[in-house]
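Student: Attaching a predicted model along with its sequence, questions to come.
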Amino acid sequence: MLLIQIKGKSSTCVFCLLWSKVRLIIVKIYVDNNQCLALIDATSYEDLRTVHGHLHDSFKEACHAHGLLQDDREWLLSLQEAAHFSTGSQLRRLFIIILVHCGPVDPYHLWEASRDNLCDDLRHRLINVLHIPKPTQDQIYDYGLHLIAKDFRKHGKCLQDFPHMPFPQGNWGLQERNQLINEQLQYNVQELQQFVQRGLPTLNAQQTTLYNAIMNSIINSLGSPFFLYSGGGCGKTYLANLIAASVRARGEIVLCVASTGLASLLLPGGCTAHSHFKIPIPINEQSTCNIKKDDPVH
């Protein structure tokens, strides 16, 4: 005989397991009110997975049907609360963390109850990035599953690891281009054009000369290198941001990188050169950038 005692807020629950060569009996008793809630006389593994005449696929599901496990209410409330101040992409990351690290009882139910919030940013993305003019709700959910499946790989997991989770049906991998290219083409062109129109009249004579020379090299594909140097507070970052906005407003790509993380924060969409181009730290004469053939940067 094995006794398992679990103390709750209002009562103490005891599970009594009795077994012999031919059968296993599980008794669940609330000690405080002396009520017996479940009695199972099992002679096979199928009997252990059968609850009220229904054969469950796993022992975990059977335990949940008996009320021996907690439900996913805590995780559902967490997603619902986060939906008030988080974007769809942030909620999808939270959903993945819950599935990977928190062990919810029914991942499929958690997806069904939260998928509207998890995918609330994808209609715009399907229209403007994948050029699907009128995506259906099923397409939005399917694309959301595709993105979740991609992020699962970062954790060494896949959708198959979670019982009853649906799989994406569309071949979204072929419709998506390079992820880094997609990110660079998601800027609002109209807002950038307005920013450039407001910014150009504010340039001084030297800044205007530099702006025209750099934009001429870009527009005519001259590939000319430029080195801009001046003291602090002279408008170097302002000019760089205006040039980046002008190029992006043309539907082209600009990679804004800096040598330090603090400097990269001053550039729209900026990051460090070491991070973007995989420059090793420390670096020496024999160092090479760690960019693999299948890397999006390649």
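Tutor: Structure's in. What do you need?

Student: Next, the buried residues of stretch 270-287.
Tutor: Judged by neighbour count (16 or more other CB atoms under 10 Å), stretch 270-287 contains these buried residues: Gly270, Cys271, Thr272, Ala273, His274, His276, Ile279. Every C-beta, even on glycine, is put in place using the N, C-alpha and C of the backbone.

Student: I figured the last one was touching Thr288, is that so?
Tutor: If I follow you right, that is Ile279. No - Ile279 sits out of contact with Thr288 when judged by CB atoms under 8 Å, with a separation of 9.2 Å.

Student: Helix, strand, or coil at the residue nearest the centre of the chain?
Tutor: Closest to where the C-alpha atoms of the chain average out (CA atoms, centre = their mean) is Arg93, at 3.5 Å. Following DSSP: H, G, I helix; E, B strand; the rest coil, Arg93 is assigned to helix.

Student: Please tell me how far it sits from Phe167.
Tutor: Remark: distance between Arg93 and Phe167 (CB to CB, to the nearest Å) = 20 Å.

Student: quick revisit: need the worst-confidence member of the buried residues of stretch 270-287.
Tutor: On pLDDT alone, His276 ranks lowest of these, at 80.

Student: Quick check: beta-bridge partners of the residue nearest to that residue when sequence neighbours are not counted?
Tutor: Once flanking residues are discounted, His276 sits nearest to Val257: 5.2 Å by CB to CB, 6 or more residues apart in numbering. Going by DSSP bridges, Val257 is paired in beta bridges with Cys271.

Student: if I look at Val257, how far off is Leu130?
Tutor: Distance from Val257 to Leu130, by CB to CB: 27 Å.

Student: on that earlier part again, can you lay out the buried residues of stretch 270-287 as JSON lines showing distance to His146?
Tutor: As requested, the buried residues of stretch 270-287 are exported to JSON lines (distance: CB to CB, whole Å):
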{"residue": "Gly270", "distance to His146": "28"}
{"residue": "Cys271", "distance to His146": "25"}
{"residue": "Thr272", "distance to His146": "30"}
{"residue": "Ala273", "distance to His146": "31"}
{"residue": "His274", "distance to His146": "31"}
{"residue": "His276", "distance to His146": "25"}
{"residue": "Ile279", "distance to His146": "32"}
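
Student: Which single one of the residues you listed is nearest to Tyr141?
Tutor: Of all these, Tyr141 sits closest to Cys271, with 31.6 Å by CB to CB.

Student: residues contacting Ser78?
Tutor: Leu94, Ile98 (CB atoms under 8 Å, 6 or more residues apart in numbering).

Student: so it is in which element?
Tutor: Taking DSSP states H and E as the criterion, Ser78 maps to helix 73-82.

Student: Check which residues of stretch 211-227 are buried.
Tutor: Neighbour-count burial for stretch 211-227 flags Tyr211, Ile214, Ile218 (criterion: 16+ other CB under 10 Å).

Student: And the helices in the protein?
Tutor: With DSSP state H, the ranges of helices along the chain come out as 45-48, 59-65, 73-82, 88-97, 107-118, 122-128, 137-152, 172-175, 179-184, 189-199, 205-219, 236-249, 261-264, 273-276.

Student: Pull the distance from the third one to the chain's centre.
Tutor: By that I understand helix 73-82. Distance of helix 73-82 from the chain centroid (CA atoms, centre = their mean, to the nearest Å) equals 16 Å.

Student: do the fourth one as well
Tutor: Remark: helix 88-97 is offset 5 Å from the chain centroid, using CA atoms, centre = their mean.

Student: hmm, who's touching that helix?
Tutor: 78-79, 82-83, 86, 110-111, 114, 117-122, 144, 147-148, 151-152, 155.

Student: Can you turn the buried part of these into a ChimeraX selection?
Tutor: Here is the ChimeraX selection string for the buried members of those, based on 16+ other CB under 10 Å:
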select :78,79,82,83,86,110,111,114,117,118,119,120,121,122,144,147,148,151,152
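
Student: picking up where we left off before, count of neighbours near the residue nearest to His276?
Tutor: 17 (other CB atoms under 10 Å).

Student: That'll do, ta.
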